[in-house]
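[1] here are the coordinates; sequence isn't available:
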């Protein structure tokens, strides 16, 4: 009776699973067909206008595109929603956000050199942002005169209009122009200060001295291929991410007062020199290509660093922490680690290629997957190491492949290697 009961239960379960699978397939085909039919009829409604006060964009089809390109170039497939208005002029297009009570302006690439004055408002809505048209055509430079409510000026993220100089009317509390360069009021460490916001990309000067008193350089501030030399003031404290992208500056002398350098801020640098007694605590030197990088004393956390192929990196005494993948996509000839480094944490050297890495005396703990993902050919382990984690020397995250290690006879690393069958050589 018990056996018959078990067989009956299994039969019921089998039948139910079969029915569920059939119903699931039918439901999937129905939903898929409905979506295709609705899209073919043009009834699929795209997400409404998204304006976060900085970027104007839409996430239609999960494809983030410029809102102005959608409105101006593709009005037939993506008309403005009920909270937006579109007003066309000869030299620009204005988009109104009725919900926020604000407007932004989209400037066309000019066919002749001219001065474009941004109006204060459109249909009673203050214009607070200025954007420029994406174009690959040869264009003439413009002088851009900003009205008193403008607080954002964004160039196209790939290529942008040729602004020769900026001018800001009296009464604008957010922006000011000095000698044609645009500055913006920002808050740094709780205090209001001025940041160098936009350097004209069609300015012909090869050198520029940032005025004393400027503490911040904004993201994407310098996109001028004519600019080859820049001098920082003693007052400078922060260089934001990608500040010098698309510029021709290749050598930087960093004053000791700088406290933070953002991702890709010194993009394309071939030489970076830090003044002695630097105040910088966290360092991110990505997308640069100097042959030698000597990280300044005082840096406690290394977030990211890059050098030219077969370059050299020297890390200072006092460094306490190296972030995950700090050396990613680097081919380094020599890496000098400080004795102040006590732990090798997971994936620090992921993506690093070099022939031989010598760990300094002082390191005590090599944690799980410390060298996983790296392309180091040999690692020399010091006598000071007293703890080694799981899969510390595997090449891949799945535990396959092993990096050969050199150890001192009788050391903890020697005993560990023999116990776990690691590939090792005696030093």
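    Looks like it arrived, so ask away. Here the structure is a predicted model, which is why all the values come from computation and not from measurement. Residues are numbered from 1 along each chain as shown.
[2] am I right that residue 419 sits in a strand?
    No: using DSSP: H, G, I helix; E, B strand; the rest coil, the assignment for residue 419 is helix, not a strand.
[3] tell me how many other residues crowd it.
    8 (other C-beta atoms under 10 Å). (Each C-beta comes from the backbone N, C-alpha and C, glycine too.)
[4] show me where pLDDT drops low in the stretch 151-300 of the chain?
    By pLDDT under 70, the weakly predicted segments of the stretch 151-300 of the chain are 155-161.
[5] residue ranges for the strands of it, please.
    152-154, 163-168, 175-178, 181-188, 191-198, 207-209, 216-217, 229-231, 238-239, 251-254, 260-261, 271-274, 282-285, 292-294 (DSSP state E, counting those that start in this stretch).
[6] would you reformat these as TSV and include distance to residue 305 and mean neighbour count?
    What follows is the strands of the stretch 151-300 of the chain, written out as TSV (distance: least, C-beta to C-beta, whole Å; neighbours: other C-beta atoms under 10 Å):
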stretch	distance to residue 305	mean neighbour count
strand 152-154	29	18
strand 163-168	33	20
strand 175-178	34	18
strand 181-188	25	18
strand 191-198	25	18
strand 207-209	26	14
strand 216-217	20	24
strand 229-231	21	15
strand 238-239	15	22
strand 251-254	14	16
strand 260-261	11	20
strand 271-274	10	17
strand 282-285	5	21
strand 292-294	6	17
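[7] format those as a markdown table; extra columns: distance to residue 356.
    Output for the strands of the stretch 151-300 of the chain, formatted as a markdown table (distance: least, C-beta to C-beta, whole Å):
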| stretch | distance to residue 356 |
| --- | --- |
| strand 152-154 | 47 |
| strand 163-168 | 50 |
| strand 175-178 | 52 |
| strand 181-188 | 43 |
| strand 191-198 | 43 |
| strand 207-209 | 42 |
| strand 216-217 | 38 |
| strand 229-231 | 37 |
| strand 238-239 | 34 |
| strand 251-254 | 30 |
| strand 260-261 | 29 |
| strand 271-274 | 25 |
| strand 282-285 | 23 |
| strand 292-294 | 18 |
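[8] so which residue is dead centre in this protein?
    residue 263 (5.7 Å; C-alpha atoms, centre = their mean).
[9] number of nearby residues for the residue nearest to that one when sequence neighbours are not counted?
    Residue nearest to residue 263 in three dimensions, not counting chain neighbours: residue 241, with 4.4 Å by C-beta to C-beta, 6 or more residues apart in numbering. When neighbours are counted by other C-beta under 10 Å, residue 241 registers 16.
[10] was I right about residue 241 contacting residue 266?
    No: using C-beta atoms under 8 Å, residue 241 is not in contact with residue 266, being 10.5 Å away.
[11] list the contacts for the residue nearest to the centre of the chain?
    241-242, 284, 286-287, 304 (C-beta atoms under 8 Å, 6 or more residues apart in numbering).
[12] most widely separated two among these?
    242 and 304 (13.3 Å; C-beta to C-beta).
[13] more neighbours, these two?
    residue 242 (22 against 19).
[14] okay but residue 91 is in contact with residue 108, surely?
    Yes: counting by C-beta under 8 Å, residue 91 does reach residue 108; the two are 5.7 Å apart.
[15] the more surrounded of those two?
    Using other C-beta under 10 Å, the more surrounded residue of residue 91 and residue 108 is residue 108, with 17 against 14.
[16] who wins for proximity to residue 325 among the strands of the stretch 151-300 of the chain?
    Taking the strands of the stretch 151-300 of the chain one by one with C-beta to C-beta, strand 282-285 is closest: 12.0 Å.
[17] so which other helices or strands are in contact with that closest one?
    Helices and strands touching strand 282-285, as assessed by 3 or more C-beta pairs under 8 Å, 6 or more residues apart in numbering; DSSP states H and E, comprise strand 260-261, strand 301-305.
[18] how about a markdown table for these, with distance to residue 335 added?
    As requested, the helices and strands packed on strand 282-285 are exported to a markdown table (distance: least, C-beta to C-beta, whole Å):
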| stretch | distance to residue 335 |
| --- | --- |
| strand 260-261 | 20 |
| strand 301-305 | 10 |
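[19] need the least confident one among those, by mean pLDDT.
    With a mean of 84, strand 301-305 has the lowest mean pLDDT of the helices and strands packed on strand 282-285.
[20] and that strand, how far out from the chain's middle?
    14 Å (C-alpha atoms, centre = their mean, to the nearest Å).
[21] what does it rub up against?
    Contacts to strand 301-305, defined as C-beta under 8 Å, 6+ apart, come from residues 263, 281-286, 293, 295, 313, 315, 319-323, 325-328, 330.
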